[in-house]
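*Asks:* Need a 3D model of the sequence below.
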Amino acid sequence: MEYGYEAVGMRDIARTVGRQPVQVYRLKLAKADILAELIIELNQEQINQLPQLCARVKGNTLFERTCAYLGELYALDIHYLPIRSIGASFGWMWSASYERRVIEQVQQLVKPVAKWMQEAGLGDISARCLGIWSLYYVGYRHAVIQGGTADDCLAAIKPSLRYYLEIPNEG
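*Replies:* Numbering: from 1, shown residues only. Predicted coordinates for the structure are as follows:
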């Protein structure tokens with residue numbers, strides 16, 4: 001967080017953890033792998049906070065609850081903005097095993113919304129959740145690029161979010 005991803009080398013990482021560079025190289029981890037581990041750790045912290053986070057969510061409608069929930073997630077992610085933005089920039093370098101782990105975590109993070117959608121009688125919940133998570137990252141760009149708040153991120157996606165939370169007309 002202090003120096004940025006590109007400015008930190010494996011020697012710096014080794015020194016920070018009290019090891020010789022050769023010890024770190026023997027682990028056969030690339031810098032992108034270390035970043036993936038950090039992102040996975042941050043995701044797990046959020047997953048561990050889900051019971052408390054969901055307890056804070058208020059709202060009478062599916063849309064209100066979902067907005068409140070995503071607002072809470074935005075606030076957590078903005079706290080780690082430097083790491084999250086680097087993860088978004090360099091995530092394409094992760095191995096398939098890291099990608100699978102992150103996807104599994106994302107599925108856990110959207111479970112509350114999926115549960116609320118099921119309670120509301122919506123279909124295609126998996127597809128809707130994928131769409132909502134994609135929107136989530138679109139909104140997060142407001143924090144990354146413009147220094148926006150959780151409310152700014154949420155405001156950017158609300159019109160599209162409504163679409164994913166609507167019950168389609170039976171025709």
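*Asks:* and the helix or strand bottoming out on mean pLDDT in the chain, what other elements does it pack with?
*Replies:* Within the chain, no helix or strand scores below helix 21-26, which has a mean of 78 by mean pLDDT, DSSP states H and E. Secondary-structure packing of helix 21-26 (3 or more Cβ pairs under 8 Å, 6 or more residues apart in numbering; DSSP states H and E): helix 10-16. Every residue, glycine included, has its C-beta placed from N, CA and C.
*Asks:* Can you give me the buried ones in the helix it packs on?
*Replies:* A14 (16 or more other Cβ atoms under 10 Å).
*Asks:* what does that helix contact?
*Replies:* Residues outside helix 10-16 that contact it (Cβ atoms under 8 Å, 6 or more residues apart in numbering): 3, 20-21, 23-25, 31, 34.
*Asks:* What is the subsequent helix or strand relative to the least confident helix or strand of the chain?
*Replies:* helix 31-48 (DSSP states H and E).
*Asks:* Show me the helices in this protein, by range?
*Replies:* Listed in chain order, the helices of the chain (DSSP state H) span 10-16, 21-26, 31-48, 50-56, 62-79, 81-90, 96-109, 111-119, 125-146, 150-164.
*Asks:* What lies in contact with the fourth one?
*Replies:* It stands for helix 50-56. With Cβ under 8 Å, 6+ apart, helix 50-56 has contacts from 46, 68-69, 72-73, 76, 108-109, 111-112.
*Asks:* Switch those over to a markdown table; also include distance to S97 and neighbour count.
*Replies:* A markdown table is the format used below for the contacts of helix 50-56 (distance: Cβ to Cβ, whole Å; neighbours: other Cβ atoms under 10 Å):
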| residue | distance to S97 | neighbour count |
| --- | --- | --- |
| Q46 | 20 | 17 |
| A68 | 34 | 16 |
| Y69 | 29 | 22 |
| E72 | 29 | 20 |
| L73 | 24 | 22 |
| L76 | 25 | 15 |
| Q108 | 17 | 13 |
| L109 | 19 | 20 |
| K111 | 22 | 14 |
| P112 | 26 | 19 |
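*Asks:* Out of those, flag the one nearest to I125.
*Replies:* Set against I125, the nearest of these by Cβ to Cβ is K111 (10.4 Å).
*Asks:* so where's the protein uncertain?
*Replies:* By pLDDT under 70, the weakly predicted segments of the chain are 1, 168-171.
*Asks:* how many other residues sit next to Y163?
*Replies:* 11 (other Cβ atoms under 10 Å).
*Asks:* Tell me how far it lies from Y136.
*Replies:* Computed as Cβ to Cβ, to the nearest Å, the Y163 to Y136 distance reads 14 Å.
*Asks:* And stretch 35-49, what's buried?
*Replies:* Across stretch 35-49, burial judged by 16+ other Cβ under 10 Å covers 35-36, 39-40, 42-43, 46-47.
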